[in-house]
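Asks: Prediction below, plus the sequence it came from.
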2 protein chains.
Amino acid sequence: MSEELINHIRKFVPLNDSEAKDISGYFELVRAKKKTNLLKENSPCRSLYFVAKGCLRLYFVKENGNEQTTQFALENWWLTDYTAFQLKKNATHSVQAIENSELLSISSQQFDLLLSNHSSLEKYFRLIFMRGTSAAQTRMRIMYDFSREEMYHQFVSNFPGFVQRIPQYMLASYLGVTPEYLSEIRKRSIK
Amino acid sequence: MSEELINHIRKFVPLNDSEAKDISGYFELVRAKKKTNLLKENSPCRSLYFVAKGCLRLYFVKENGNEQTTQFALENWWLTDYTAFQLKKNATHSVQAIENSELLSISSQQFDLLLSNHSSLEKYFRLIFMRGTSAAQTRMRIMYDFSREEMYHQFVSNFPGFVQRIPQYMLASYLGVTPEYLSEIRKRSIK
């Protein structure tokens, strides 16, 4: 199962088989059933997750009790509550599997150790987080500039096929619309 | 002027004096007067900027012709249009100095060369971009959860003193309110 991770790392930095084997040893395989919470808001954030199979979401609970989804992570993406993970604080977000998922999990202690023992991975993670920063700028631009309907179309064109995998109320929450309004948008786009 | 950069790097990774001197050589000192555009939307994005002194903003022009500010960069922060910088594409944002600023600028070719010659900087930039990813999650949470008035107070408490340095119409644009409404919020908070 760590094969997906090793293949992904090798897209960015070279690894020989012995390094690959050693790196795999820092990770734990987690099989999470759909709707399993891997991290709960207000609890210590112990792990960073790589999605080998399935899909995760990041969300928090608003004052009115509604769940607000802010991020999805598909295959080959990394996800956690990064502030809590880095500062070893309690999380302000939850992480949940939205499909039966296979994940590679690493604790923050093991993450530090992994990077100090395999310095070539600094480059891999520099590139991953640089892309994350770049995706965040694009997302911010979309949030300020696009109508909700345009956001939906952007999402569908950026992640083709993914829209069928997420419950509609979750996508509606991510887009900041009601499920009813999302259903209207979808009907219009089918026409 | 590269002293600020070297001091900042040394907070994260050790550098001896000879490395520090060599690293400085990859950067160009840019003195930008207030309102200078360092990067223009739809133009090639040639540089990444480190703010040694002053302040930058990232913005784009909306369909109605209004400028939308999406990010500020104070002393010790890095800024560019990251998608354009990494993919060597035209920018979808502009970068402007909002005070007389002293910047260290590096081209994407020099950035790649710097990292391949000084691999210890991979760790520095991994940490910088990991923090960027973490700041983006926090920002997203604030955008979904906070009222505009709460966003203002959060901004003031996160960056004390900074609010006096930005033109009010720019802060209003960042918060997504009219300058008149921002002025009301400020009056209420003084009371």
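Replies: Received it, and whenever you're ready, just let me know what you need. Numbering: from 1, shown residues only, chains lettered A, B, ... in the order given.

Asks: Write out the residues of chain A neighbouring chain B.
Replies: Chain A has residues A:58, A:60, A:62-63, A:68, A:70-71, A:81-83, A:85-86, A:92-93, A:115, A:119, A:122-123, A:125-126, A:129-134, A:136-141, A:143-145, A:176 near chain B, with proximity defined as Cβ under 8 Å from any Cβ of the partner chain. Every C-beta, even on glycine, is put in place using the N, C-alpha and C of the backbone.

Asks: show me where chain A has helices.
Replies: Counting by DSSP state H, residue ranges of the helices within chain A are A:2-10, A:17-24, A:82-87, A:108-117, A:120-145, A:148-158, A:168-175, A:179-190.

Asks: quick revisit: PyMOL command to pick out the buried ones of the residues of chain A next to chain B?
Replies: Buried residues within the residues of chain A next to chain B, by 16 or more other Cβ atoms under 10 Å in any protein chain shown, are selected in PyMOL with:
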select buried, chain A and resi 58+60+68+70+71+81+82+83+85+86+92+93+115+122+123+125+126+129+130+131+132+133+134+136+137+138+139+140+141+143+144+145
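
Asks: any idea how far A:M143 is from A:P44?
Replies: Distance, A:P44 to A:M143, by Cβ to Cβ, to the nearest Å: 30 Å.

Asks: and the spatially closest residue to A:I9 that is not a sequence neighbour, what is it in contact with?
Replies: Using Cβ to Cβ, 6 or more residues apart in numbering or on different chains and skipping residues adjacent in sequence, the residue nearest A:I9 is A:Y124, 5.3 Å away. Listed by Cβ atoms under 8 Å, 6 or more residues apart in numbering or on different chains, the contact set of A:Y124 reads A:I9, A:F12, A:V13.

Asks: what about the last one, neighbour count?
Replies: Each residue near A:V13 was counted by other Cβ atoms under 10 Å in any protein chain shown, and the total is 17.

Asks: Surely it is in contact with A:E122?
Replies: No: taking contacts as Cβ atoms under 8 Å, A:V13 lies outside contact range of A:E122: 9.1 Å.

Asks: Relative to chain B, how far out is A:S24?
Replies: According to Cβ to the nearest Cβ, to the nearest Å, A:S24 stands 20 Å off from chain B.

Asks: mind listing what that residue touches?
Replies: Here A:S24 is in contact with A:S2, A:L5, A:I6 (Cβ under 8 Å, 6+ apart).
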